[in-house]
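Trainee: okay, here's the prediction I keep looking at, along with the sequence it came from:
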Amino acid sequence: MHKTVLITGATAGFGRAIAVKFAENGYRCIITGRRKELLTELEHELRQTFNTDVLALQFDIQKLEEVEKAVESLTDDWKHIDVLVNNAGLAAGLNPIHEGVIDDWERMIDTNIKGLLYMTRLVAPMMVARGKGHIINIGSIAGKETYPNGNVYCGSKFAVDAITKGTRIDLLSHGIKVTQIAPGAAETEFSLVRFNGDVERATHVYDGFTPLSAEDIAEVTYYVTTMPDHVNINDLVIMPTAQASATNLVRRET
Ligand code: NDP
Ligand code: 8X3
């Protein structure tokens, strides 16, 4: 019986690469996100390239009713989720707190914290019932250190850090592994989303150094699932070699 992974935010960036990595390694994949056409494209790619079973669920993770409906739609065949990757998330804006955009704050909190909680609340009971499973939360270096103008995004990722630790404690007696992966600078659609589609500004974020790629994060996400049953990787901070902390980054002259 092939194992099953459910990945939130699989239409782009880390989530898409994670889906490819797990499919390559024989997993059946439940892929989720809002953009239907990208889900369909990935669904076909995974089926054709890896001959894997794929289930695409389109929903907005900010909306509890949509998340509930999607999870409730799982047939018995798909309910046996071995690995849940809580990856969907975003940064919106980079403003000092007194100039913050309330709608940006709501989206970050609703997606990065509440969306992750909704998924965990709905999927964890199935793992508890089986006494087995692995929850992997994608945090960030922004959940370890605050940086100028990062305020609410950092707050949302500090919350992921705390929720991951709390989840691990609560699920300890149920045999469920809980891991956080906390990346530094990685080039995906992340900066494009943060700067509201401003390609010029988004591209400059990665000037003069080699950022992490989505495939780098997929590699470590799969890696943490390959440990023996008695080993759990609690927390993994991964950065580009050019980065030492949220604010220490060396850039070559360009
Ligand atoms: P991308 O923007 O490339 O991908 C984000 C994914 O999240 C997309 O698939 C998007 O799908 C999904 N998503 C966003 N909002 C929602 C929503 N409301 N409902 C459902 N899905 C949603 O970013 P990354 O791959 O870089 O980011 C993935 C995670 O990694 C995030 O949690 C981010 O905070 C974190 N991270 C990113 C870093 C980076 O430097 N890139 C570093 C550290 C952490 P769709 O738009 O189709 O809904
Ligand atoms: C994304 C990395 O440094 O932009 O979480 O916050 S950072």
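Mentor: Thanks, I have the structure now. Ligands and ions are numbered 1, 2, ... in the order given.
Trainee: so is stretch 31-42 next to ligand 1?
Mentor: Yes - using C-beta under 6 Å from any ligand atom, stretch 31-42 comes into contact with ligand 1 via 33, 34, 35, 38. (Each C-beta comes from the backbone N, C-alpha and C, glycine too.)
Trainee: so can I have CSV of those residues showing neighbour count and pLDDT?
Mentor: Formatted as CSV, the residues of stretch 31-42 next to ligand 1 follow (neighbours: other C-beta atoms under 10 Å; pLDDT from 0 to 100):
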residue, neighbour count, pLDDT
33, 24, 98
34, 15, 98
35, 13, 98
38, 17, 98
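Trainee: can you point out the buried residues in the biggest helix by length in the chain?
Mentor: Longest helix of the chain, by residue count under DSSP state H: helix 151-171. Within helix 151-171, the residues scored as buried using 16 or more other C-beta atoms under 10 Å are 151-161, 163-164, 167-168, 171.
Trainee: ok, residue 3 to residue 223 distance?
Mentor: 15 Å (C-beta to C-beta, to the nearest Å).
Trainee: likewise residue 111?
Mentor: 26 Å.
Trainee: go on, residue 99?
Mentor: Counting by C-beta to C-beta, the gap from residue 99 to residue 223 is 40 Å.
Trainee: what about these two, which has more around it?
Mentor: residue 223 (13 against 8; other C-beta atoms under 10 Å).
Trainee: re earlier: which of the residues of stretch 31-42 next to ligand 1 sits closest to ligand 2?
Mentor: residue 33 (18.2 Å; C-beta to the nearest ligand atom).
Trainee: which residues touch the residue nearest to residue 233 when sequence neighbours are not counted?
Mentor: In space, residue 233 comes closest to residue 224 once its chain neighbours are excluded; the distance is 4.5 Å by C-beta to C-beta, 6 or more residues apart in numbering. Residues in contact with residue 224 (C-beta atoms under 8 Å, 6 or more residues apart in numbering) are 134, 136, 179, 181, 233, 236.
Trainee: between the residues you listed, which is closest to ligand 1?
Mentor: residue 181 (8.3 Å).
Trainee: secondary structure element holding the closest one?
Mentor: Secondary structure assigned from DSSP states H and E places residue 181 in strand 176-183.
Trainee: what's in contact with the helix or strand just after that strand?
Mentor: Once the chain leaves strand 176-183, the next helix or strand it forms, by DSSP H and E, is helix 190-194. By C-beta under 8 Å, 6+ apart, the residues outside helix 190-194 that reach it are 13, 90-94, 198-199, 201-203, 205-206.
Trainee: repeat for stretch 169-183
Mentor: 14, 124, 127-128, 131-141, 143-144, 157, 160-161, 164, 167-168, 212, 217, 220-221, 224, 232-239.
Trainee: same thing but at 6 Å, please
Mentor: 127-128, 131-141, 143, 164, 167-168, 212, 217, 221, 224, 232-233, 235-238 (C-beta atoms under 6 Å, 6 or more residues apart in numbering).
Trainee: and what of stretch 118-134?
Mentor: So stretch 118-134 is contacted by 8, 64, 67, 71, 79, 81, 83-84, 86, 174-177, 225 (C-beta under 6 Å, 6+ apart).
Trainee: ok, and the most crowded of those?
Mentor: Busiest of the contacts of stretch 118-134 [other C-beta under 10 Å] is residue 86, holding 29 neighbours.
Trainee: backbone phi and psi for that one, please?
Mentor: Backbone torsions of residue 86, given as degrees, to the nearest 10, read phi -80, psi 90.
Trainee: that one pairs with what?
Mentor: residue 137 (DSSP bridges).
Trainee: who touches residue 92 in this structure?
Mentor: 104, 107, 108.
Trainee: so the first one is in which element?
Mentor: Meaning residue 104. Going by DSSP H and E, residue 104 is in helix 102-108.
Trainee: which residues touch that helix?
Mentor: Helix 102-108 has contacts (C-beta under 6 Å, 6+ apart) with 92, 93, 152, 153, 156.
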